[in-house]
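In: Fold the following, please.
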Amino acid sequence: MAVINCPSCKKKTSDKAVNCNHCGLSLQDIDSDKIASINNVNRINQAQRLMTYSFIAMLLFCGGFLFMFWDNVEQGTWQHNLAMASTVIGFISYIIIRIRLLLFKRNK
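Out: Sure thing, here's the model as predicted:
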């Protein structure tokens, strides 16, 4: 009895199992077309996840930037430090996530 990776959830399961213990995928009637379809869906889900993270990072950047200049917070206060941290973290994470998304799309 060997251990294989499930085509859907990529977790380890027995090759003799009828269904995956983790995601419930039927392992008996799976063929190459179904595996290709599952891989395509997983790839689309991963791209969507990266786009969502990118959007959240952009919101963090814009929120910190707008809070800092819209409310005219004074330098050295905790509000200013929080706004600066939010702006810097949002900007850096946005750049990193966009690079990851670019590399992800290149590795088709």
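
In: how does the chain divide into domains?
Out: Domains of the chain are assigned by automatic domain parsing as 1-30, 43-106.

In: Quick one: closest of those domains to S37.
Out: domain 1-30 (9.6 Å; CB to CB). Backbone N, C-alpha and C define where each C-beta goes, glycine included.

In: and that closest one, which residues are buried?
Out: By neighbour count on 16 or more other CB atoms under 10 Å, the buried set for domain 1-30 is C6, P7, S8, C9, T13, C20, L25, L27.

In: With stretch 82-100 instead?
Out: Buried-residue list, stretch 82-100, by 16+ other CB under 10 Å: A83, M84, S86, T87, G90, F91, S93, Y94, I97, R98.

In: Which element, helix or strand, includes the fifth one?
Out: Spelled out, it's G90. helix 78-106 (DSSP states H and E).

In: between the top helix by length along the chain and helix 78-106, how big is the angle?
Out: Ranked by residue count under DSSP state H, the longest helix found in the chain is helix 32-70. Here the directions of helix 32-70 and helix 78-106 differ by 150 degrees (axes from the mean of the first three to the mean of the last three CA atoms, to 10 degrees).

In: how far is helix 32-70 from where the chain is centred?
Out: Relative to the centre of its chain, helix 32-70 is centred 6 Å away, using CA atoms, centre = their mean, to the nearest Å.
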